[in-house]
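Student: build me a structure from this.
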Amino acid sequence: MVNEKAESFLSETLFYVFVNLKGVGENPAFHVVPSKVVATSVYESHRAWLSKLKKSGEARKDSSMRRFTDPENKYLDRWDLLGLDVATQPGAAADGPEKRARG
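Tutor: So this is what the prediction gives:
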């Protein structure tokens with residue numbers, strides 16, 4: 001979940017990392033997403049949601065909250081999008097985020 005500011009808060013150097021804390025004993029899933037992708041997605045999906053009526057037939061009320069989803073896991077563990085070579089960063093762990101996330 002993000003708020004409506006995500007629709008216009010974007011930069012080539014801004015990324016979101018969405019973390020899915022799965023069950024106990026399971027590694028979390030990390031979705032590394034460029035802000036431009038998040039902005040477009042939440043704008044379009046929110047407009048589509050607003051255009052549909054409630055089950056009662058009433059119009060939906062606008063909200064400041066937005067939902068981002070990555071149903072095809074296109075951004076799952078996409079640390080490479082950051083353009084960083086984790087292995088050469090000072091203090092980088094030998095088992096960077098990609099290995100921890102994949103277990």
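Student: regarding this protein, what is its longest helix?
Tutor: Using DSSP state H, we find that the single longest helix of the chain is helix 35-51.
Student: what's the first helix or strand after it?
Tutor: Counting by DSSP states H and E, the next helix or strand C-terminal to helix 35-51 is strand 65-66.
Student: burial count for the nearest residue to residue 78 once chain neighbours are set aside?
Tutor: Of all residues not flanking residue 78 in the chain, residue 32 sits nearest, at 4.4 Å (C-beta to C-beta, 6 or more residues apart in numbering). No exception for glycine: its C-beta is placed from N, CA and C like everyone else's. Applying other C-beta atoms under 10 Å, we find 20 other residues in the vicinity of residue 32.
Student: and residue 32, that's in a strand?
Tutor: Yes - when classified by DSSP: H, G, I helix; E, B strand; the rest coil, residue 32 is found to be part of a strand.
Student: now do the same contact list for the closest residue to residue 20 other than its chain neighbours.
Tutor: Residue nearest to residue 20 in three dimensions, not counting chain neighbours: residue 29, with 4.2 Å by C-beta to C-beta, 6+ apart. Neighbouring residues of residue 29 by C-beta atoms under 8 Å, 6 or more residues apart in numbering: 19, 20, 22, 76, 77, 101.
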